[in-house]
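> Based on what follows, work out the 3D shape:
(one chain, ligands or ions: 2)
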Amino acid sequence: MRFYNTLTKKVEEFVPHNEDEVKMYTCGPTVYHYAHIGNLRTYIFEDILEKSLEYIGYNVKRVMNITDVGHMTSDSDTGEDKMLKGAARENKTVWEIADYYTNAFFNDAEQLNIRKPLIIEKASDLIEDYIKMIEKLLDDGYAYISNNNVYFDISKNEDYYKLSGKNSDDLLIGARDDVEEDEFKKNPYDFGLWFTVSKFENQAMQWDSPWGRGYPGWHIECSGIAIKHLGEHLDIHCGGVDNIFPHHTNEIAQSEAFLGHKWCKYWLHGEHLNEETGKMSKSKGEFLTVSLLEEKGYNPLAYRYFCLQSHYRNQLVFSYPSLDTAVSGYKRLLSRVNQIKNNLSGDIDFDQVSKYQESFKDGLKNDLNTSTSLTILYDVLKDEALNNNTKLYLIADFDSVLSLDLLKEKEIELSLELLSYIENTINMRNEAKINKNYELADKLRDELKEKGIIIEDGREGTTYEIVR
Ligand code: AMP
Ligand code: ZN
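Ligands and ions are numbered 1, 2, ... in the order given. Reported below is the predicted structural model:
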């Protein structure tokens, strides 16, 4: 498999640290509000990545966090606390807000057939681990205490800017007016590991620590959770492009300082979904959620299809007309698959199966080119030399990655079971006809009819239709 690695700025061959298991970490949602469909584009990309790795033959251990503490409205340490903001908005406690929006997130993800990662860890559940890491960073001279907060000292890290490709001057020039300077930091890009002094007196999420009662910074959570569950060598770390700086930059700095060696080899970032008017946000205009799409009559999977048509590293602009185009494409796809399902014939041709599987894999292996893989699916559908059982087999196989419900799970069970029953009965009937046992042949046809399966003898053999 080949990926574009943000760390090296090149497309590289993927070689996991240990071939037996790919260790993958993906940043999870900050649960102070619903996820917008832009956020969910990133989770669709990560879902496809995990399923593609599995399809190609890797075992994947994937971990994701739920950010329920420490994330400010600015991705550096400034601005309001996102969770407190959510709680104030809805007159609830931060814990209630976290629970509610965590559930909402997984409901939305399920509607989009995004599989739950194997391990999901709430940031607030691993406080002891972050404290131990911070203690070591302090002992080793990578962190300092100032104004009773603990900060990471970026000047101790040689390659601090390697992921973002920026340099400190760029960042200073680009620094926005609304980023308040924290006078207690040695360098403006030092970041908080532990806060005991906060301007939010009503910060409800607080824990005891060697530096006083307080709470962890956002970045240390992801390092702590990833290292706890995936060990010292991470293969893949993902997120949206906005995570490159400062979040992932800071994760690398503190994880490598803590471990004393390189940490994660491949960094993959999904580009944003934008609105025609610009960046998608949770506060601006119509708040685009999965529920809103559903209210407007859209099947969430049509949105998944919309995302799969473009490459994860390209920006994508959302508009209703472009979603409508995806809806028609998705509906046509489903109806073609349905026709095949209802007209099964022939033995599965496994040579053809492997040939198409290889082409499908080639798309995925090429930096997750899902649109190529979709094209291979269409090639299968229109290949006149393939019988319908072979097509059905390939559709089900490809859908293990695409997850577009091309054959609903229940229907697959039913259809495979039903399929062998129908085929056996049709074969028995054909044999009965050859043996001129018309009584048995009619009996078998009636038996099928009773089950809602109508058969028809034609030039290409016997076909059938399921009428109920
Ligand atoms: P958050 O819940 O804000 O922490 O973000 C969750 C994920 O969505 C992160 O991986 C972000 O990088 C990603 N993200 C944020 N905005 C967008 C967007 N407009 N399009 C795609 N992904 C996004
Ligand atoms: Zn993270």
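
> how close does Cys238 get to ligand 1?
Remark: distance between Cys238 and ligand 1 (Cβ to the nearest ligand atom, to the nearest Å) = 8 Å. All C-beta atoms are positioned from the backbone trio N, CA, C, and that covers glycine.

> near ligand 2 at all, the strand or helix carrying that residue?
Here Cys238 sits within strand 234-240, counting by DSSP states H and E. No - Strand 234-240 stays out of contact with ligand 2 when judged by Cβ under 5 Å from the ion, the minimum separation being 6.2 Å.

> That strand packs against which elements?
Using 3 or more Cβ pairs under 8 Å, 6 or more residues apart in numbering; DSSP states H and E as the contact criterion, the elements in contact with strand 234-240 are strand 22-26, helix 37-56, strand 264-270.

> Spatially, what comes nearest to Val380 if we skip its sequence neighbours?
Closest residue to Val380 apart from its sequence neighbours, by Cβ to Cβ, 6 or more residues apart in numbering: Leu394 at 4.9 Å.

> contacting residues for that neighbour?
For Leu394, the contacting residues are 353, 356-357, 377, 380, 386, by Cβ atoms under 8 Å, 6 or more residues apart in numbering.

> and those residues as a markdown table, adding pLDDT, distance to ligand 2 and neighbour count?
As requested, the contacts of Leu394 are arranged in a markdown table below (pLDDT from 0 to 100; distance: Cβ to the ion, whole Å; neighbours: other Cβ atoms under 10 Å):
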| residue | pLDDT | distance to ligand 2 | neighbour count |
| --- | --- | --- | --- |
| Val353 | 96 | 39 | 17 |
| Tyr356 | 98 | 37 | 22 |
| Gln357 | 98 | 34 | 17 |
| Leu377 | 98 | 33 | 22 |
| Val380 | 98 | 38 | 23 |
| Leu386 | 97 | 44 | 22 |
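
> Show me those residues that map onto helices.
353, 356-357, 377, 380 (DSSP state H).

> and those, which two are the farthest apart?
Maximum pairwise distance in these, criterion Cβ to Cβ, is 13.4 Å, between Val353 and Leu377.

> just to revisit the earlier point, per-residue confidence averaged over the strand holding Cys238?
What strand 234-240 shows for mean pLDDT is 98.

> could I get that strand in CSV with only the CA atoms?
Taking only C-alpha atoms (Å, rounded to 0.1, in the frame of the first residue of the first chain), the coordinates of strand 234-240 have been written out as CSV:
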residue,chain,number,x,y,z
LEU,A,234,2.6,3.7,16.1
ASP,A,235,2.2,2.9,12.4
ILE,A,236,-0.6,5.3,11.4
HIS,A,237,-2.0,8.5,12.9
CYS,A,238,-4.8,10.3,11.2
GLY,A,239,-7.0,13.4,11.5
GLY,A,240,-8.2,16.3,9.4
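
> chain center to that strand: distance?
The chain centroid and the centroid of strand 234-240 are separated by 11 Å under Cα atoms, centre = their mean, to the nearest Å.

> ditto for stretch 435-445
53 Å.

> Tell me the buried residues in that stretch?
Of the residues in stretch 435-445, those buried by neighbour count under the rule 16 or more other Cβ atoms under 10 Å are 441, 444-445.

> okay if I get the residues you listed as JSON lines plus pLDDT?
Output for those, formatted as JSON lines (pLDDT from 0 to 100):
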{"residue": "Ala441", "pLDDT": "94"}
{"residue": "Leu444", "pLDDT": "93"}
{"residue": "Arg445", "pLDDT": "92"}
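
> Which residue comes closest to the residue in the chain that ligand 1 sits nearest to once chain neighbours are left out?
Of all residues in the chain, Gly240 sits closest to ligand 1, at 2.2 Å by Cβ to the nearest ligand atom. Distances taken as Cβ to Cβ, 6+ apart put Thr42 closest to Gly240, at 4.4 Å, once the chain neighbours are dropped.

> moving C-terminal of the least confident helix or strand in the chain by mean pLDDT, what's the next helix or strand?
Least confident element among the helices and strands of the chain, by mean pLDDT, DSSP states H and E: helix 168-174 (a mean of 58). Sequence-wise, the next helix or strand downstream of helix 168-174 (DSSP H and E) is strand 191-195.

> Tell me which helix or strand comes right after that next one.
Scanning onward from strand 191-195 (DSSP H and E), the first element met is strand 215-216.

> Restricting to C-alpha, output the helix or strand following that following strand in PDB.
Per DSSP H and E, the first helix or strand lying C-terminal to strand 215-216 is helix 218-230. Only the C-alpha atoms of helix 218-230 are listed here, as PDB (Å, rounded to 0.1, in the frame of the first residue of the first chain):
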ATOM      1  CA  TRP A 218      -5.800  18.700  24.900                       C
ATOM      2  CA  HIS A 219      -2.700  17.400  23.100                       C
ATOM      3  CA  ILE A 220      -1.300  15.100  25.900                       C
ATOM      4  CA  GLU A 221      -4.600  13.100  25.800                       C
ATOM      5  CA  CYS A 222      -4.000  11.700  22.400                       C
ATOM      6  CA  SER A 223      -0.400  10.800  23.100                       C
ATOM      7  CA  GLY A 224      -1.300   9.200  26.400                       C
ATOM      8  CA  ILE A 225      -4.200   7.200  25.000                       C
ATOM      9  CA  ALA A 226      -2.200   6.100  21.900                       C
ATOM     10  CA  ILE A 227       0.900   5.000  23.900                       C
ATOM     11  CA  LYS A 228      -1.200   3.200  26.500                       C
ATOM     12  CA  HIS A 229      -3.100   1.100  24.000                       C
ATOM     13  CA  LEU A 230      -0.700   0.800  21.000                       C
END
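
> hmm, helix 218-230 in reach of ligand 1?
No - for a cut-off given as Cβ under 6 Å from any ligand atom, helix 218-230 has no contacts with ligand 1; the smallest distance is 8.8 Å.

> start the count at 27, not 1, going forward
Fine by me, first position is 27 from now on; the one you just mentioned is helix 244-256.

> wait, what's in contact with the nearest residue to Lys108 once chain neighbours are set aside?
Distances taken as Cβ to Cβ, 6+ apart put Tyr58 closest to Lys108, at 4.3 Å, once the chain neighbours are dropped. Applying Cβ under 8 Å, 6+ apart to Tyr58 gives the contacts 97, 108-109, 111-112, 123-124, 127.

> One more: Ile448?
If you count contacts by Cβ under 8 Å, 6+ apart, Ile448 has them with 370, 474, 479, 490.

> Repeat that for Arg339.
Neighbour list for Arg339: 30, 295-297, 393 [criterion: Cβ under 8 Å, 6+ apart].

> go with 10 Å
Contacts were defined as Cβ atoms under 10 Å, 6 or more residues apart in numbering; by that measure Arg339 touches 29-30, 32, 71, 267, 294-297, 393-394.

> Give me the pLDDT for it.
Turning to Arg339, the model gives it a pLDDT of 98.

> cool, the one 3 residues further on as well?
pLDDT, Leu342: 97.
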